Each structure stands twice: as C-alpha cells, then as structure tokens.
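A.B. asks: fold the following for me, if possible:
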Amino acid sequence: MRPILAIVISAAAALGLTEPGHADPAAGKAIFEAKGCNACHYTQGPAREKTIADQLAKKGPELWYAGSKFQKAWLAKWLTEPKPIRPLAFNSLTEENKGDHPKLSAEEAAKVTDFLMTLTSDVVKPGSVKPKKSAKGRLIFVKKMPCSGCHAFPSRKKFKGGRSGPSLVGAGERLNPDWILAYLQNPKVFKPVKMMPVFVGILSPKDMKQVAGYVATFKAKK
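C.D. replies: Below you'll find the model as predicted:
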C-alpha cells in the first residue's frame, strides 16, 4: 500500500497538484473570458493592427506577448490594485486616464496571471539585458532621442518627463528587461502601427541594450 501511495504522491507533485497555489493557466483563461477582459485585450498573436484605424479601434493594449513583457509578481499585484500606467486614456492625447480598470480578487488575479504569463514571443531572448545604470543609456533616454519627451521617469528625488506615452516610473518592477530590448530592436513585431519612433538604424545594437538596461533600473514612486 505504501509504495502505491508514494507513487500517487510523486505523480501529484510532478503535476503540481499537492501545492495549493499551483499554476492553473486554463482556469485563468476562463476567468479572463468570463470577466470580459477579451473585449478590450486580445491574446492571440501575432499583432492584428495594419492601419491607424485598426489601432484607434482598440479599447486596450494587446496581451498576446504579456508573459514576455511583464514581470509576474508585478502583474499579479496590479490586477488586484490596478493603477494607471498611462497618464492619458488609451489612444488619446487629451483625455485623462480615469483609472477605472476592473479589479480582481487575489485568487482570480493569481490564476489570470498564470494564464497571461504563458503568452510569450520568441523574439524576446531571455538573458539579453541586465538592469544597469549607465551614463550612455541616460544620455540617449533623456537627450539624444529623447524618450523623456513622451515617458515619465524617475530622476533623483522627483519624477519628470512627458505624458503622451506610458509612464516608465516603476518600469524596473513592471517590465522584463529582455522585452524592452526586443521592443526597441523589433518594434513592428509588437506594434505594426505605432506613434513611437523607430530607432532601428538610428541607435546601434549596443546603444539599444544600454537604454534597455537603464530603463530596467527605474523604480516606482515611494
């Protein structure tokens, strides 16, 4: 009897069934759909947008590469306490973001996060970038391009930058550094229609890596 019980327990452990919080992407997908999240966010890649009209018709950002873009711990917490990432409403340059994204319970958020983390892009190469503050990365971000014209970012004791793009305050906890680099290198994979400048041919691969590493150091507000 004991050998049989041991086999059952081992099999359950291998499947993650003995752990209360084991990953359950299927349950997360079911919650995602039941809550109507797919009315604003699509999860099937590749990118669908082909024209400006397609982009403007979207109600929220695409999530088909969410597992490559976001850090899991941040995503699970954000789904329970959603706070605006964009100062302005999605697809608007004038309307303030109301911050009315629906909240999930901790259990729902954990399962939806498990589902979203399975949505990845093979363009994002793991281990490509490490968070690193560099003078060159900061120079490109703040002055050469400058990314700070559209994105808020932390600077010493205060936060500054533009409002037309998503805030990068807290990007170090929110974004996967490897995705930041992949986005700079292959923007059309993620955003075929986009208002952000394309830096391919303007920045060298080394420069892009320095910018990605620099952005990945950005802390959240205290």
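
A.B. asks: and stretch 144-158, how far out from the chain's middle?
C.D. replies: 19 Å (C-alpha atoms, centre = their mean, to the nearest Å).

A.B. asks: what comes up buried for it?
C.D. replies: Within stretch 144-158, the residues scored as buried using 16 or more other C-beta atoms under 10 Å are 145, 147, 148, 150, 151, 152, 153, 154. Bear in mind the C-beta positions are built from the backbone N, C-alpha and C, glycine included.

A.B. asks: likewise for stretch 124-141?
C.D. replies: For stretch 124-141, by 16+ other C-beta under 10 Å, it's 124, 128, 129, 137, 138, 139, 140, 141.

A.B. asks: mind checking the backbone torsions on the nearest residue to the last one once chain neighbours are set aside?
C.D. replies: Spelled out, that is residue 141. Nearest non-adjacent residue to residue 141, counting by C-beta to C-beta, 6 or more residues apart in numbering: residue 147, 4.7 Å away. Reported as degrees, to the nearest 10, the phi and psi values for residue 147 are phi -70, psi -30.

A.B. asks: roughly how far apart are residue 147 and residue 196?
C.D. replies: Applying C-beta to C-beta, to the nearest Å, the value for residue 147 to residue 196 is 9 Å.

A.B. asks: and if you look at residue 58?
C.D. replies: Residue 58 is 15 Å from residue 196, by C-beta to C-beta.

A.B. asks: just the strands in the protein please.
C.D. replies: 152-155, 158-161 (DSSP state E).

A.B. asks: which one of those lies nearest to residue 75?
C.D. replies: Taking C-beta to C-beta, strand 152-155 is the member of these nearest to residue 75, at 20.1 Å.

A.B. asks: export that closest one as CSV, just CAs?
C.D. replies: These are the backbone C-alpha positions of strand 152-155, laid out as CSV (Å, rounded to 0.1, in the frame of the first residue of the first chain):
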residue,chain,number,x,y,z
ALA,A,152,7.6,59.9,-17.3
PHE,A,153,10.6,58.6,-15.5
PRO,A,154,12.3,58.8,-12.0
SER,A,155,15.1,61.4,-11.7
